[in-house]
Structures are given as C-alpha cells and as structure tokens.
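> have a look; sequence and predicted model below, questions after that.
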Amino acid sequence: MRRAGLLALWLGVGCVVFCLAFFPLRASTDEWWHLKTGKWIVEHGYKLPRKDIFSYTSANYDWDNHEWLTQTGMYMLWRWGEERVIGGWRAVIAVKALLLAATYLLLGRFLWQRAGGGVRGALIGAFLALVAAAVGKRMFWPRPPIVSAFLTVAFLYTMWLHRTGRLKTPWLLLLPLVMSLWSNLHGGFLIGGLIVAAYFGGELLEWAGARWILRKPAEELQPKLLRVGIYLGLGVLCGLGSLLNPFGYKLYLLTQRVMSNKELVSRLSELEPPLLRFTWAYVFLFTLLGAGYLVLLVRTCARRSRRWPPLAEIALTLLFFKESILHVRHLLLFGLAAAPVAAWMLAEWWGKSEDGLKPALRTGRASARFLNAGLAVITVGLGLWLVFMPYEVYGAWRVWRESGRIVWQPTAFGRCARLWNGESEEPGTYPREAVRFILSAKLPPRMYNRDTTCGYLIWALSPEHYQLFTDNRFDIFGGDFLADELSVANGYPDAFLKPYGTPVRDWRKVVEEYGINWLFLPTEGELIHEKLLRGEEKGWVLIYLDPGYAIWMKDTPQNRPWIEKWGRRA
C-alpha cells in the first residue's frame, strides 16, 4: 500500500507539472523564430547560417547561434506533428511539457534523498517540487531554455551524489560529454560550469576552514582534499567540452552583448524584476530559506549544532536568488537550486536528513504520523490549487474590488483542455490577417517593424519574401538598433531616451537611411501610429488596418501603385 501511495504521489506531481506546461501559445514571439531557424537549417542540408538572415539591419552581423541543435529538433518535431494531423505546435508543446515533468520528477527524486528518504522524505520532495514548479511556471515556454532546466537538475543531482559518496568518480566523466552537447542546445550551458565551480570552491573553502580554523588533522580531511582536485579537473574538462560547438569560445560572449546595454535590459520584460504579488511561491520559498538560515545561525551561535548545507549549495542558492530578484527569467533556476536546501532544512526540523543525524524537532510516532498526514494534505491541496485555480488570483480580486465585476481568469486545466482540443494559440495573438495582406499585395521591400512583433513575421516572411527591420535576437546585435527602433515607433525628433540618456535620431532620418517603404505597427501603444492618424506627420498613407495592426506606406512615386489600389481601404 505504501508503494502504491508513493507511486500515486509522484504520478500526481508529474501530471500537475505537465498540466502547468501544456498550454497554447500566448503573446510570445520567440517560439516562431526558433521554429523558422530550425526550418532553415533543415532545408539547407543542416548547414548553419554564419550571418544574420532574418533582419536587414543586422545582415553583416555574425550569428553565433547557441541554440541551433534544439531549434533543429524543434522544427523536425513540429513537421512530424503536422504530417500526422496531431498539429505541429501541439506536438512541440506536448514534448516540452513531458520534458518539464521529467525535470521536476528528477528534482523530486533529488529532494527525496536530500530529505533522508522514507515516506516523509517523499512528501517533502513532492511538496517542494510543486513549489519549485510554481516558482518557475512563468518560464514554461516551448523554447530552448527548457532543455537547460532539465540539465541543471541533472548537474545538481550528480554533483551532490558524488559529494555524499553515492556516485563513484568515473561517472563524473559523463558531465564533460553532456556539457559538449549542452553548448549546442542552449547558452545555459554556463550554468553547468557554475555548478561545478561552486562545488570546487565550496570543497576548497570547507577544507581550508577545517584545516586551519578547526585544526582538524590532515588525514581526516584527505577525502575532501581529493574531491577538491577531482572537481578542479572536472571543471577543466567541462570547460573544454563546452568548446565543442560550431562557434567555440564566442558563446561565452553572448550574454555580455545584452547585459552591457542598460537601456535594452530595462525594456525586456524577461529581465525585469518579478512582481512579488504574482509570485507567492517565490516569496514562500525564499522566506522558508531565510527562516531556515536564521535558525541554523542561532543554533550555531548557541553551540547546539554545526550542521549546515554544503557551501556549494549555499553559494548557488544565493547566486540564483540575487539573479531572480533582478530578472524574472531566473525564477525557474532559483526554484531548482533552492529546493534541495529547503528539503534538507525541513528534514532537519521534522525528521532525519541525509546524514542520518537526529532531527532538531523531536517527534513521537503519533506526532510523526500527524505531520506526515498534514504534509500529504498540503501537497495534494497545492497540486489542486495549481491546476484548478486561476493564474492571476490577485488580478481577478483587484478587478472585483475596483469595479464590482467578476472576471473569470483562465486556469491551468482550462488552458490544457483547450490545447488538447486543438487550439494551439490564443485567438488573435499573431498578425495572420496582416501577413496574408502583405503577401497578396506583394508590397515592395524594406519594412519597419517592432521587435515585439518579430516572431511570427520571421516565420511567415523572412527571408523568403522580406527581411525585417529588427527582431529580438539581442544576443546577435545587442542594443545596436534599439534607439532607431524606438525613434520610429514614437516619432521622435533628435532626442535622448530616459533614464539612461541614450541618444536617438529623428525618425525621418532613420527611415531615409534604411530606405523604409512601409511601417508595420501594432494599433495599441504606438505613438507614431496615433500621430499619423491625427495627421501630425505627412507623407504616409494607411493601406491596411485591422483591430490589432496597421500598415502605413510612404507616399513616393515608386509606391503609388499600392497606394492607389489599397489606400482607399483605410
């Protein structure tokens, strides 16, 4: 009965994560250009484009594509789904959801051992795996970073198994091989290097502290010193393995292209700080860790115990906490790195941890059963909450408080059901009608577009029909074209952007320099669209308009055939 119950518990965790991840595409553009890149690679005999092929402004930029292998597999999976009437995106999203379910099941296995095993260890592992999934669910997009999430857990688990003597050293030689694969799947391979470096540094500091501060004999510390050497060698091998990609060391430079531009960082939603009122699981997890570290500090100062998590785990938790506070995209990584430490802390309070020592909180058999039952109820309740409660409870409550209206918010189960029934994207999310008009009208080249609309435009238009003005592959060109893009979008004169004082040119100069013939604009939030509608800017004619998008064509003799045919539609 116990085995059946534990099997049902882990099956439930996998189903909850799958349901959280199995949802239609919604208001995101990256998936489409990832898919188009894979399509281009497959159709060109698996050759990689060395220069940018999708945007004419960056046509001379080297494209060091750190995700090419995932993009290729993504397109092949999409094509397989289309051929079998499953639906391309439904196939891709289903595999993404399965990979995420495997990620959090592997994390749960790690947490179960971290919490000392047994029934309570399984309950702690399942509970914290669901909390970690709730922390990271906002990043459950069908994109290459999902692969990095799985490999991050694999690296964390492997290093911990070796440190605790559960894994023999020769097995570590698999990690450099995995690193060479990872560096072709996604730029998150840097995380693997950070994990190995953290274990090397942690073991070195623990050895130095035990040898020179606690004055322990060298013979007693020999295993730890041996691990220091092993992790140093492993780090070197992983570094060499990461260079086995078509672009070599250049992949290490990509992050700097984005993060060095403060104006760009401030405008990317994934690099914004998280809104804490929408991330209750994140608040819960870092509060639990903070309370746990405070208890450990008090117990150490009172000389009741000197048991602490490994320095490597503490360092990784603090690193990803700092990154998650600054950037919402790192919430997922924080959840994966923090959950093992939280599992150890809960085991220290309520039961035996993996070191087999007595718990801080002594419990009898009856109270232990009560704690197990309570944790089981909380875990089941959390799973049901994640699946059946609206995504934005706070948003629904705020609307009701301000207007008295009840606005139904979608649930994970509802989104999952819609995708299951064949709805692969949210209605009206992408400019399909506008793209049909562009292709049927055969507009002349040189369009202007925003990076926020680039994904589907790349899929449908580039490079076969038109190259875009710009897109959001900022690891290629950083913020080099951001000022020009914003200048046209807002109809700026020569000015400076706030708050960083980035200079921008008059938008007319940008149009002339690049030979732009028509503007593809969202109808919401674009100042230049409003100025053109009000007649504040002359020399442009509206040739297409729908509820979401507008196309303005420059009034020149070369463009008169399109203006005469389509200008009256406006």
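That came through fine.

> what does stretch 286-302 contact?
Stretch 286-302 has contacts (CB atoms under 8 Å, 6 or more residues apart in numbering) with 305-308, 317, 321, 334, 338, 341-342, 345, 349, 360. Placement of C-beta: from N, CA and C, glycine included.

> nope, stretch 188-204 is what I was after
Contacts to stretch 188-204, defined as CB under 8 Å, 6+ apart, come from residues 66, 144-145, 147-148, 151-152, 155-156, 159, 163, 175, 178-179, 182-183, 224, 227-228, 231-232, 234-235, 238-239, 242, 251-252, 255, 310-316, 319, 333.

> out of the residues you listed, name the ones that lie in helices.
145, 147-148, 151-152, 155-156, 159, 163, 175, 178-179, 182-183, 224, 227-228, 231-232, 234-235, 238-239, 242, 255, 311-316, 319, 333 (DSSP state H).

> and those residues, which of them are buried?
Restricting those to buried positions leaves 145, 147-148, 151-152, 155-156, 159, 163, 175, 178-179, 182-183, 224, 227-228, 231-232, 234-235, 238-239, 242, 311-316, 319, 333, with burial counted as 16 or more other CB atoms under 10 Å.

> now do stretch 192-209: distance to the chain's middle.
Relative to the chain's own centre, stretch 192-209 is displaced by 26 Å; criterion: CA atoms, centre = their mean, to the nearest Å.

> please apply the same query to stretch 341-349.
Relative to its chain's centre, stretch 341-349 lies at 27 Å (CA atoms, centre = their mean).

> pull out the buried residues from that stretch.
So for stretch 341-349, counting by 16+ other CB under 10 Å, buried means V341, A342, A343, W344, M345, L346, A347, E348.

> wait, doesn't the second one sit right on A281?
This points to A342. No. A342 sits out of contact with A281 when judged by CB atoms under 8 Å, with a separation of 11.6 Å.

> contacting residues around the spatially most central residue of the chain?
Of all residues in the chain, the one closest to the mean position by CA atoms, centre = their mean is M139, 4.3 Å from it. Applying CB under 8 Å, 6+ apart, we find M139 in contact with P145, V328, R329, L331, L332.

> and it, how far from R227?
Distance, M139 to R227, by CB to CB, to the nearest Å: 33 Å.

> check L519 too.
In this structure, L519 and R227 are separated by 60 Å, where distance is defined by CB to CB.

> I378 too?
Taking CB to CB as the criterion, I378 is separated from R227 by 37 Å.

> any stretches of the stretch 301-450 of the chain with poor pLDDT?
Counting by pLDDT under 70, the stretch 301-450 of the chain contains low-confidence ranges at 305, 351-368, 391-409.

> go on, the chain?
1, 277-278, 305, 351-368, 391-409, 496-501, 568-570.

> determine the longest helix present in it.
Of all the elements of type helix in the chain, the one with the most residues (DSSP H) is helix 88-114.

> for it, packing partners?
helix 2-21, helix 68-83, helix 118-136, helix 145-163, helix 331-350 (3 or more CB pairs under 8 Å, 6 or more residues apart in numbering; DSSP states H and E).

> of these, which is nearest L264?
L264 lies closest, by CB to CB, to one member of the helices and strands packed on helix 88-114: helix 145-163, at 18.6 Å.

> and that closest one, how far out from the chain middle?
Taking CA atoms, centre = their mean, the mean C-alpha location of helix 145-163 is offset from the chain mean by 16 Å.

> that helix to helix 88-114, inter-axis angle?
With axes from the mean of the first three to the mean of the last three CA atoms, to 10 degrees defining the directions, helix 145-163 sits at 20 degrees from helix 88-114.

> for H186, which non-adjacent residue is spatially closest?
In this structure, H186 finds its nearest non-sequential neighbour in P144, 4.1 Å apart by CB to CB, 6 or more residues apart in numbering.

> quick check: that neighbour touching N184?
No. Using CB under 8 Å, P144 is not in contact with N184, being 10.3 Å away.

> before we move on, back to that, can you list the buried residues of stretch 341-349 in JSON lines and add distance to E425?
Written out in JSON lines, the entries for the buried residues of stretch 341-349 read as follows (distance: CB to CB, whole Å):
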{"residue": "V341", "distance to E425": "38"}
{"residue": "A342", "distance to E425": "36"}
{"residue": "A343", "distance to E425": "37"}
{"residue": "W344", "distance to E425": "42"}
{"residue": "M345", "distance to E425": "41"}
{"residue": "L346", "distance to E425": "40"}
{"residue": "A347", "distance to E425": "43"}
{"residue": "E348", "distance to E425": "46"}
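
> that older thread, nearest to V135, of the contacts of stretch 286-302?
Distance to V135, by CB to CB, is smallest for F334 among the contacts of stretch 286-302, at 6.6 Å.

> could you report the neighbour count for that closest one?
Using other CB atoms under 10 Å, the number of residues around F334 comes to 26.

> thought it was touching H327?
No. The pair F334 / H327 is not scored as a contact, 10.2 Å apart, by CB under 8 Å.

> state the distance from D494 to D506.
In this structure, D494 lies at 5 Å from D506, with CB to CB as the measure.

> to clarify, my last question referred to E426.
From E426 to D506 the distance is 37 Å (CB to CB).

> okay, now the closest residue to N472 other than its chain neighbours: neighbour count?
Counting by CB to CB, 6+ apart, N472 lies nearest to D451, which is 4.2 Å off, once chain neighbours are set aside. Neighbour count for D451, taken as other CB under 10 Å: 21.

> quick one: contacts for the residue located most distally from the centre of the chain?
Taking CA atoms, centre = their mean as the measure, the residue most remote from the mean C-alpha position of the chain is P557, 46.9 Å away. The neighbours of P557, taking CB under 8 Å, 6+ apart as the test, come to nothing; the list is empty.

> with L99 instead?
Residues counted as contacts of L99 (CB under 8 Å, 6+ apart) are I146, V147, F150.

> the same query, at a cut-off of 6 Å, please.
With contacts defined as CB atoms under 6 Å, 6 or more residues apart in numbering, the neighbours of L99 are I146, F150.

> neighbour count for D494 and D506, which is higher?
Just comparing D494 and D506: by other CB under 10 Å the higher neighbour count belongs to D506, 15 against 11.

> how much space between the more buried one and R534?
D506 sits 19 Å away from R534, going by CB to CB.

> same question, K39
The gap separating K39 from R534 is 41 Å, by CB to CB.

> neighbour count: these two, which is higher?
Set side by side, K39 and R534 show unequal neighbour counts under other CB under 10 Å, the larger going to K39 at 18 against 8.

> ok so the more buried one is a helix residue?
Yes. Note on K39: a helix contains this position according to DSSP: H, G, I helix; E, B strand; the rest coil.

> so it makes contact with M76?
No. K39 is not in contact with M76 according to CB atoms under 6 Å; the separation is 9.4 Å.

> can you list the domain ranges for this structure.
Per the record, the chain has its domains at 2-388, 432-569, by automatic domain parsing.

> now these as TSV including distance to G422?
Supplementary listing: these in TSV, determined by distance: least, CB to CB, whole Å:
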stretch	distance to G422
domain 2-388	6
domain 432-569	16
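
> mind checking which of these is nearest W420?
Among those, the nearest to W420 by CB to CB is domain 2-388 (7.6 Å).

> end-to-end on that closest one?
27 Å (CA to CA, to the nearest Å).
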